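Asker: structure, please.
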Amino acid sequence: MIALFLRDLKLSVRSGGGALIGVLFFLTVVAVIPFGVGPDLKLLARIGPAIVWIGALLSALLGLDRLFQAERDDGSLDLLLMQETPLVLTVLVKCAAHWTATGLPLVIASPLLGLFMNMNETAIGATMLTLLVGTPAITLIGAVGAAVAVALPRGGLLVSILILPLAIPVLIFGVSATYAAVEGPAPFLPPFLILIALTLFFAVLGPVAAVLALRNTTD
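Answerer: Just a heads-up that it's a prediction; the model follows:
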């Protein structure tokens, strides 16, 4: 499992630019907002957490269609399906490697973009914490879409269409927790705990659904 994690980590970094492409797209999405909204610093600070979260969500969708594509191209996907190690555990490890290569850099880059949106220290810290907890759920949801579209020649758009509706609750509670930490009087803990619960829920459901999709695809 450690060897698989390191292999997928290298593939995620090399394939399509990996973390660099995601961070650059994240920067682009957030950077264009002030040009459309205008130089109102108070407005930017108010909408900043939501914009950062939306940018992170869209950036996290990049590359998810390639989660199983390398195995499909070289024929090793059939070997993964026939191995003794539970396929659910294999998919979970691949999701962890993909998030480490593409999701974690987004979390690290979020404080810089928070400053760009004129967010204060509390808002930046809350946004970074919620992204750290919430972005793994997006990767786990994406594993299902990637498994469904692995046999399709142009499955990237289909993966985004499949993932986005399921990722909306993660976005809602991530932004809600951030605003609760900044503005109040709503408490920060309830939406944050729901965000953790969503990640744990998809950590169980996502790999199982992805395995079923992969087996149906190969059949």
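Asker: list the buried ones in the longest helix along the chain?
Answerer: Assignment by DSSP state H gives helix 189-218 as the longest helix of the chain. Using 16 or more other C-beta atoms under 10 Å as the test for burial, helix 189-218 gives 191-192, 194-196, 198-199, 202-203, 206-207, 209-211, 213-214, 217. C-betas here are computed from N, CA, C, even on glycine.
Asker: and if you look at stretch 116-131?
Answerer: Neighbour-count burial for stretch 116-131 [16+ other C-beta under 10 Å]: 116-119, 123-131.
Asker: give me the below-cutoff pLDDT ranges for this protein.
Answerer: For the chain, residues meeting the criterion pLDDT under 70 lie at 1, 4, 8, 11-19, 70, 73-79, 84-85, 151-156, 184-185, 217-219.
Asker: rerun at 90
Answerer: 1-47, 58-105, 112-120, 142-166, 181-188, 209-219 (pLDDT under 90).
Asker: could I get the full set of helices for it?
Answerer: 2-14, 19-37, 41-61, 69-74, 76-82, 87-98, 104-116, 121-148, 156-182, 189-218.
Asker: quick one, which of those helices is packed in tightest?
Answerer: Highest mean neighbour count among the helices of the chain (mean count of other C-beta atoms under 10 Å): helix 121-148, with a mean of 24.
Asker: neighbouring contacts of stretch 90-105?
Answerer: With contact meaning C-beta atoms under 8 Å, 6 or more residues apart in numbering, stretch 90-105 is reached by 1, 4-9, 12-13, 18-19, 22-23, 59-60, 62-64, 67-68, 80, 83, 135-136, 138-140, 143, 147, 203, 206-207, 210-211, 214.
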